[in-house]
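Asker: All I have is the shape, not the residue letters:
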(Lines give C-alpha, C1' and ligand atoms only; values in the text may rest on other atoms or scores of the structure.)
Protein backbone atom coordinates (compact mmCIF):
# COMPACT_ATOMS: atom_id res chain seq x y z
CA UNK A 1 0.00 0.00 0.00
CA UNK A 2 1.14 3.55 -0.78
CA UNK A 3 0.47 6.67 1.23
CA UNK A 4 -1.31 9.70 -0.19
CA UNK A 5 2.07 11.06 -1.28
CA UNK A 6 3.46 7.77 -2.59
CA UNK A 7 5.49 6.41 0.34
CA UNK A 8 5.20 2.67 0.98
CA UNK A 9 3.49 1.40 4.10
CA UNK A 10 6.60 -0.70 4.73
CA UNK A 11 8.69 2.48 5.13
CA UNK A 12 6.25 3.84 7.71
CA UNK A 13 6.11 0.49 9.52
CA UNK A 14 9.85 0.03 9.70
CA UNK A 15 10.52 3.58 10.88
CA UNK A 16 7.95 3.33 13.67
CA UNK A 17 9.00 -0.19 14.68
CA UNK A 18 12.61 0.95 15.00
CA UNK A 19 11.53 3.94 17.09
CA UNK A 20 9.54 1.65 19.39
CA UNK A 21 12.46 -0.76 19.68
CA UNK A 22 14.81 2.07 20.61
CA UNK A 23 12.45 3.35 23.30
CA UNK A 24 11.91 -0.11 24.80
CA UNK A 25 15.63 -0.86 24.91
CA UNK A 26 16.31 2.50 26.55
CA UNK A 27 13.68 1.62 29.14
CA UNK A 28 15.41 -1.65 30.02
CA UNK A 29 13.76 -4.17 27.68
CA UNK A 30 17.09 -5.08 26.14
CA UNK A 31 15.86 -8.22 24.36
CA UNK A 32 13.36 -6.36 22.23
CA UNK A 33 13.57 -7.52 18.63
CA UNK A 34 12.20 -6.13 15.37
CA UNK A 35 11.22 -9.04 13.13
CA UNK A 36 11.40 -8.56 9.36
CA UNK A 37 10.98 -11.51 7.01
CA UNK A 38 11.84 -11.60 3.32
CA UNK A 39 8.95 -13.82 2.25
CA UNK A 40 5.70 -12.26 1.03
CA UNK A 41 2.40 -12.88 2.86
CA UNK A 42 1.07 -15.27 3.89
CA UNK A 43 4.35 -17.19 4.24
CA UNK A 44 6.17 -14.26 5.81
CA UNK A 45 3.40 -13.83 8.37
CA UNK A 46 3.65 -17.47 9.45
CA UNK A 47 7.44 -17.11 9.65
CA UNK A 48 7.15 -14.17 12.03
CA UNK A 49 4.79 -16.07 14.30
CA UNK A 50 7.09 -19.10 14.29
CA UNK A 51 10.11 -16.92 15.08
CA UNK A 52 8.35 -15.20 17.98
CA UNK A 53 7.19 -18.57 19.32
CA UNK A 54 10.73 -19.91 19.10
CA UNK A 55 12.00 -16.93 21.10
CA UNK A 56 9.35 -17.56 23.75
CA UNK A 57 8.57 -13.86 23.57
CA UNK A 58 6.42 -12.35 26.31
CA UNK A 59 4.37 -10.12 24.02
CA UNK A 60 4.08 -9.61 20.27
CA UNK A 61 3.23 -6.27 18.67
CA UNK A 62 2.52 -6.05 14.94
CA UNK A 63 3.01 -2.56 13.47
CA UNK A 64 0.97 -1.34 10.50
CA UNK A 65 -0.48 1.81 8.96
CA UNK A 66 -4.03 1.87 7.64
CA UNK A 67 -5.71 2.37 4.29
CA UNK A 68 -9.38 2.46 3.30
CA UNK A 69 -11.73 0.31 1.20
CA UNK A 70 -11.47 1.04 -2.52
CA UNK A 71 -14.92 2.67 -2.57
CA UNK A 72 -13.57 5.63 -0.56
CA UNK A 73 -10.43 6.26 -2.62
CA UNK A 74 -10.10 9.56 -4.50
CA UNK A 75 -7.43 10.89 -6.84
CA UNK A 76 -5.20 13.93 -6.61
CA UNK A 77 -1.93 15.12 -8.09
CA UNK A 78 1.18 15.32 -5.94
CA UNK A 79 4.73 15.97 -7.10
CA UNK A 80 3.63 15.74 -10.72
CA UNK A 81 1.97 12.33 -10.37
CA UNK A 82 -1.55 11.09 -9.79
CA UNK A 83 -1.93 9.63 -6.30
CA UNK A 84 -4.71 7.96 -4.32
CA UNK A 85 -6.04 9.35 -1.04
CA UNK A 86 -8.99 9.42 1.31
CA UNK A 87 -9.40 12.06 4.00
CA UNK A 88 -12.60 10.45 5.27
CA UNK A 89 -11.04 8.51 8.19
CA UNK A 90 -8.24 9.15 10.65
CA UNK A 91 -6.97 7.64 13.87
CA UNK A 92 -5.36 4.43 15.05
CA UNK A 93 -6.94 1.04 15.75
CA UNK A 94 -5.94 -1.99 17.82
CA UNK A 95 -6.77 -5.59 16.94
CA UNK A 96 -6.67 -8.87 18.85
CA UNK A 97 -7.72 -12.41 17.98
CA UNK A 98 -10.02 -14.66 19.96
CA UNK A 99 -7.99 -17.57 18.55
CA UNK A 100 -4.74 -16.43 20.15
CA UNK A 101 -3.31 -18.83 22.74
CA UNK A 102 -3.60 -16.11 25.39
CA UNK A 103 -6.67 -14.13 24.41
CA UNK A 104 -7.15 -12.54 27.82
CA UNK A 105 -3.52 -11.48 27.87
CA UNK A 106 -3.92 -10.02 24.39
CA UNK A 107 -7.01 -8.12 25.48
CA UNK A 108 -5.21 -6.81 28.56
CA UNK A 109 -2.24 -5.57 26.55
CA UNK A 110 -4.52 -4.10 23.88
CA UNK A 111 -6.47 -2.18 26.51
CA UNK A 112 -3.29 -0.90 28.14
CA UNK A 113 -1.95 0.27 24.80
CA UNK A 114 -5.22 1.94 23.84
CA UNK A 115 -5.43 3.82 27.12
CA UNK A 116 -1.79 4.96 26.89
CA UNK A 117 -2.43 6.29 23.39
CA UNK A 118 -5.59 8.01 24.61
CA UNK A 119 -3.63 9.64 27.46
CA UNK A 120 -1.50 11.30 24.77
CA UNK A 121 -4.61 12.68 23.05
CA UNK A 122 -4.40 10.14 20.22
CA UNK A 123 -7.86 9.00 19.13
CA UNK A 124 -8.85 5.66 17.65
CA UNK A 125 -11.01 5.41 14.55
CA UNK A 126 -14.54 4.04 15.10
CA UNK A 127 -15.29 3.34 11.45
CA UNK A 128 -14.52 -0.40 11.63
CA UNK A 129 -17.87 -0.92 13.35
CA UNK A 130 -19.83 0.55 10.43
CA UNK A 131 -21.82 -1.63 8.01
CA UNK A 132 -20.27 0.14 5.01
CA UNK A 133 -16.96 -1.56 5.86
CA UNK A 134 -18.43 -4.82 4.56
CA UNK A 135 -15.99 -7.70 5.02
CA UNK A 136 -13.67 -5.38 6.92
CA UNK A 137 -16.25 -4.63 9.61
CA UNK A 138 -14.99 -5.63 13.09
CA UNK A 139 -16.45 -6.06 16.57
CA UNK A 140 -15.36 -3.39 19.05
CA UNK A 141 -14.57 -5.19 22.31
CA UNK A 142 -13.41 -2.12 24.25
CA UNK A 143 -15.00 1.16 23.24
CA UNK A 144 -12.86 3.25 25.60
CA UNK A 145 -9.49 1.88 24.50
CA UNK A 146 -10.37 1.23 20.85
CA UNK A 147 -9.72 -2.52 20.77
CA UNK A 148 -11.29 -4.59 17.99
CA UNK A 149 -11.47 -8.33 17.32
CA UNK A 150 -9.91 -9.59 14.11
CA UNK A 151 -9.77 -13.32 14.67
CA UNK A 152 -8.38 -14.36 11.28
CA UNK A 153 -5.08 -12.46 11.35
CA UNK A 154 -2.21 -14.94 11.03
CA UNK A 155 0.21 -13.13 13.32
CA UNK A 156 -2.42 -12.95 16.07
CA UNK A 157 -3.81 -16.47 15.69
CA UNK A 158 -0.55 -18.38 15.50
CA UNK A 159 1.50 -16.66 18.17
CA UNK A 160 1.58 -18.39 21.55
CA UNK A 161 1.98 -15.22 23.58
CA UNK A 162 -0.31 -12.19 23.96
CA UNK A 163 -0.39 -10.53 20.54
CA UNK A 164 -1.72 -7.19 19.34
CA UNK A 165 -1.80 -5.52 15.94
CA UNK A 166 -1.61 -1.73 15.90
CA UNK A 167 -2.73 0.29 12.90
CA UNK A 168 -0.91 3.49 13.88
CA UNK A 169 -3.05 5.73 11.66
CA UNK A 170 -4.22 6.29 8.11
CA UNK A 171 -1.43 7.11 5.66
CA UNK A 172 -3.95 7.68 2.84
CA UNK A 173 -5.38 10.59 4.84
CA UNK A 174 -3.30 13.52 3.63
CA UNK A 175 -3.18 15.38 6.94
CA UNK A 176 -2.61 12.30 9.08
CA UNK A 177 0.15 11.08 6.77
CA UNK A 178 2.17 14.20 7.63
CA UNK A 179 1.58 13.69 11.35
CA UNK A 180 2.65 10.04 11.15
CA UNK A 181 5.87 11.11 9.45
CA UNK A 182 6.72 13.49 12.29
CA UNK A 183 9.22 12.73 15.05
CA UNK A 184 6.69 13.97 17.58
CA UNK A 185 3.95 11.51 16.62
CA UNK A 186 6.34 8.58 16.34
CA UNK A 187 7.77 9.48 19.75
CA UNK A 188 4.30 9.64 21.29
CA UNK A 189 3.38 6.21 19.95
CA UNK A 190 6.71 4.71 21.07
CA UNK A 191 6.23 6.13 24.57
CA UNK A 192 2.67 4.79 24.73
CA UNK A 193 3.86 1.32 23.72
CA UNK A 194 6.64 1.39 26.29
CA UNK A 195 4.28 2.47 29.07
CA UNK A 196 1.85 -0.28 28.09
CA UNK A 197 4.61 -2.90 28.13
CA UNK A 198 5.77 -1.68 31.55
CA UNK A 199 2.26 -1.96 32.96
CA UNK A 200 1.65 -5.32 31.29
CA UNK A 201 4.85 -6.84 32.68
CA UNK A 202 4.24 -5.37 36.12
CA UNK A 203 0.81 -6.99 36.19
CA UNK A 204 2.45 -10.33 35.46
CA UNK A 205 5.12 -9.96 38.16
CA UNK A 206 7.21 -11.62 39.47
CA UNK A 207 7.93 -12.72 35.90
CA UNK A 208 11.17 -11.15 34.66
CA UNK A 209 11.41 -8.96 31.61
CA UNK A 210 11.84 -11.17 28.58
CA UNK A 211 12.19 -10.80 24.85
CA UNK A 212 9.63 -8.69 23.07
CA UNK A 213 8.76 -8.80 19.42
CA UNK A 214 7.44 -5.58 17.91
CA UNK A 215 7.64 -5.97 14.16
CA UNK A 216 7.02 -4.11 10.97
CA UNK A 217 4.97 -5.70 8.22
CA UNK A 218 6.27 -6.47 4.74
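Answerer: Arrived safely, thanks for sending. Given the structure is predicted, the values throughout are model-derived calculations rather than measurements.

Asker: my read: residue 114 touches residue 141, true?
Answerer: No: under the criterion of CB atoms under 8 Å, residue 114 makes no contact with residue 141, lying 10.5 Å away. The way it works is simple: take the backbone N, C-alpha and C, and place the C-beta from them, glycine included.

Asker: Now do the shared contacts for the two.
Answerer: Shared contacts of residue 114 and residue 141, defined by CB atoms under 8 Å, 6 or more residues apart in numbering, are found at residue 147.

Asker: the strands in the protein, which residues?
Answerer: Counting by DSSP state E, the chain forms strands over residues 59-66, 74-78, 81-85, 93-96, 139-142, 147-149, 163-170, 212-216, given from the N-terminal end onward.

Asker: Output these as CSV; include the columns distance to residue 28.
Answerer: Putting the strands of the chain into CSV (distance: least, CB to CB, whole Å) gives the following:
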stretch, distance to residue 28
strand 59-66, 15
strand 74-78, 42
strand 81-85, 40
strand 93-96, 24
strand 139-142, 28
strand 147-149, 26
strand 163-170, 20
strand 212-216, 11
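
Asker: Quick one, which of the ones you listed gets closest to residue 125.
Answerer: Among those, the nearest to residue 125 by CB to CB is strand 93-96 (5.5 Å).

Asker: circling back to that earlier point, out of the strands of the chain, nearest to residue 44?
Answerer: Taking CB to CB as the criterion, residue 44 comes closest to strand 212-216 out of those, the separation being 10.3 Å.

Asker: For the nearest residue to residue 59 once chain neighbours are set aside, give its distance to residue 174.
Answerer: The shortest distance from residue 59 to any residue other than its chain neighbours is 5.1 Å, reached at residue 162 (CB to CB, 6 or more residues apart in numbering). Separation of residue 162 from residue 174 (CB to CB, to the nearest Å): 34 Å.

Asker: what about those two, which has more around it?
Answerer: For residue 162 versus residue 174, neighbours defined as other CB atoms under 10 Å are more numerous around residue 162 (25 against 18).

Asker: Of all the helix elements in this protein, which one is longest?
Answerer: helix 183-203 (DSSP state H).
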